[in-house]
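Enquirer: sequence and predicted structure below; questions after.
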Amino acid sequence: MKHLRMIILSAMVAGVLIVPGISATADAKDGDGHQHFRQSDRHGKFHGRRDLRHDRWERHHGRRDFRHSRWERHHGRHDNHHFRRDVRHDNRGHHNKPEIKQDFKDVRAARKEVQDGRKELRGDYRELRKDRAELRRDIRNGASKQEILRDRQEIRDDWREIAKDRRELHQDQARLDTARRELKADLRKR
């Protein structure tokens with residue numbers, strides 16, 4: 001009994017000595033003030049290492065200068081134009097030109113045609129599935145030869161309709177590609 005009491009007492013002492021050390025290491029911060037062990041905010045949401053790097057970057061660069069590179073600050077480039085190099089400044093307001101407006105209308109109309117063509121093609125495939133199911137049902141139920149021939153003729157008509165709609169869809173897609181190329185060319189002409 002004395003031996004058991006000694007083990008319990010030593011375990012309690014060890015626990016009392018270890019607990020403050022664990023909380024101190026959990027709150028330990030490196031030279032930049034970042035927490036390495038606990039990476040969650042006060043609401044318990046985990047943010048990970050990415051947020052810590054972002055915080056360090058913000059402290060180093062400052063929040064208000066995040067759009068300016070060091071080179072721009074060094075060389076006095078603090079004008080109000082934060083454009084990328086390949087942006088064409090004279091291409092603003094292209095939407096006011098009538099030819100470009102018409103190109104946008106053509107692209108929208110061609111997209112609508114493609115969308116309608118796809119919808120029609122889906123409807124044709126749905127009709128084909130229905131006719132095939134009807135043919136199987138008629139064969140299973142022992143329908144007459146004329147009824148089976150009629151069902152097969154409907155399936156052939158469905159295939160013809162599908163082929164026609166596919167051709168129209170390809171033509172609509174080609175028109176859409178042409179309209180897009182034309183719009184890009186007119187925008188580049190500027």
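Expert: Perfect, thanks for sending it. Residues are numbered from 1 along each chain as shown.
Enquirer: same for the host helix or strand of His170, what does it pack against?
Expert: Assigned by DSSP states H and E, His170 belongs to helix 145-189. Packing partners of helix 145-189 (3 or more CB pairs under 8 Å, 6 or more residues apart in numbering; DSSP states H and E): helix 98-141. Glycine gets a C-beta too; all of them are placed from N, C-alpha and C.
Enquirer: what is the helix it packs on packed up against?
Expert: Packed against helix 98-141 by the contact rule (3+ CB pairs under 8 Å, 6+ apart) you find helix 145-189.
Enquirer: avg pLDDT for the helix it packs on?
Expert: Confidence over helix 145-189 (mean pLDDT, whole number) is 93.
Enquirer: next, the angle from it to helix 98-141.
Expert: Put simply, helix 145-189 runs at 160 degrees to helix 98-141, going by axes from the mean of the first three to the mean of the last three CA atoms, to 10 degrees.
Enquirer: so what touches stretch 97-114?
Expert: 94-95, 169, 172-173, 175-176, 179-180, 182-183, 186-187 (CB atoms under 8 Å, 6 or more residues apart in numbering).
Enquirer: in PyMOL, how would I select just the buried ones from those?
Expert: A single PyMOL command selects the buried members of the contacts of stretch 97-114 (16 or more other CB atoms under 10 Å):
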select buried, resi 94+169+172+173+175+176+179+182+183+186
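Enquirer: between the contacts of stretch 97-114, which sits nearest Gly123?
Expert: Nearest to Gly123, judged by CB to CB, of the contacts of stretch 97-114 is Leu169 at 12.5 Å.
Enquirer: any low-confidence regions in this protein?
Expert: Within the chain, the segments meeting pLDDT under 70 span 23-96, 190.
Enquirer: related to what we said a few turns ago, among the contacts of stretch 97-114, which one sits closest to Asp124?
Expert: Closest to Asp124, out of all of those and judged by CB to CB, is Leu169, at 10.7 Å.
Enquirer: give me every residue that touches the closest one.
Expert: Val114, Gly117, Arg118, Leu121.
Enquirer: any idea how far the second one is from Arg166?
Expert: With distances taken as CB to CB, to the nearest Å, Gly117 is found 9 Å from Arg166.
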